[in-house]
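Peer 1: what shape does this take:
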Amino acid sequence: MTARSSFQDFARRIEQLAASTPLGDIERNSKALLSHALARMDLVPREEFDAQTAVLARTREALTALEHRVAALEAAARGSD
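Peer 2: Now for the predicted structure:
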């Protein structure tokens, strides 16, 4: 058995020991509490946020282009009167 595998075995045993103590219970309960609190919030994944940001940017560009077209049409209509 190498020193590295001995250390890994020791670390695994410490981890198992910590999981079976009140410290392990506190960690599990804290994670559950945090997960529950986050689930109750209206959070969206980053990918969805980025996708909606891109949609909004395209919508703003289209709106700006339409505003310019309307302004040009109104100016042309005033000029033909």
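Peer 1: closest to the centroid, which residue in the protein?
Peer 2: R46 (2.8 Å; CA atoms, centre = their mean).
Peer 1: can you check the pLDDT for that residue?
Peer 2: pLDDT for R46: 92.
Peer 1: from A39, how far off is it?
Peer 2: 17 Å (CB to CB, to the nearest Å). In this view, the C-beta of every residue, glycine as well, is placed from N, C-alpha and C.
Peer 1: if you average the pLDDT over stretch 9-28, what comes out?
Peer 2: Averaged over stretch 9-28, pLDDT sits at 79.
Peer 1: got the CA coordinates for it in CSV?
Peer 2: Extracted C-alpha coordinates of stretch 9-28, given in CSV (Å, rounded to 0.1, in the frame of the first residue of the first chain):
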residue,chain,number,x,y,z
ASP,A,9,-8.1,5.5,2.9
PHE,A,10,-7.5,7.6,6.1
ALA,A,11,-9.4,10.5,4.5
ARG,A,12,-12.3,8.3,3.5
ARG,A,13,-12.5,6.8,7.0
ILE,A,14,-12.5,10.3,8.6
GLU,A,15,-15.3,11.3,6.1
GLN,A,16,-17.4,8.3,7.1
LEU,A,17,-16.8,9.0,10.7
ALA,A,18,-17.8,12.7,10.4
ALA,A,19,-21.0,11.7,8.4
SER,A,20,-22.1,9.5,11.3
THR,A,21,-21.7,12.2,14.0
PRO,A,22,-23.9,15.1,14.9
LEU,A,23,-21.7,17.2,12.6
GLY,A,24,-22.9,15.0,9.7
ASP,A,25,-26.5,15.5,10.8
ILE,A,26,-26.0,19.3,11.0
GLU,A,27,-24.5,19.3,7.5
ARG,A,28,-27.4,17.3,6.0
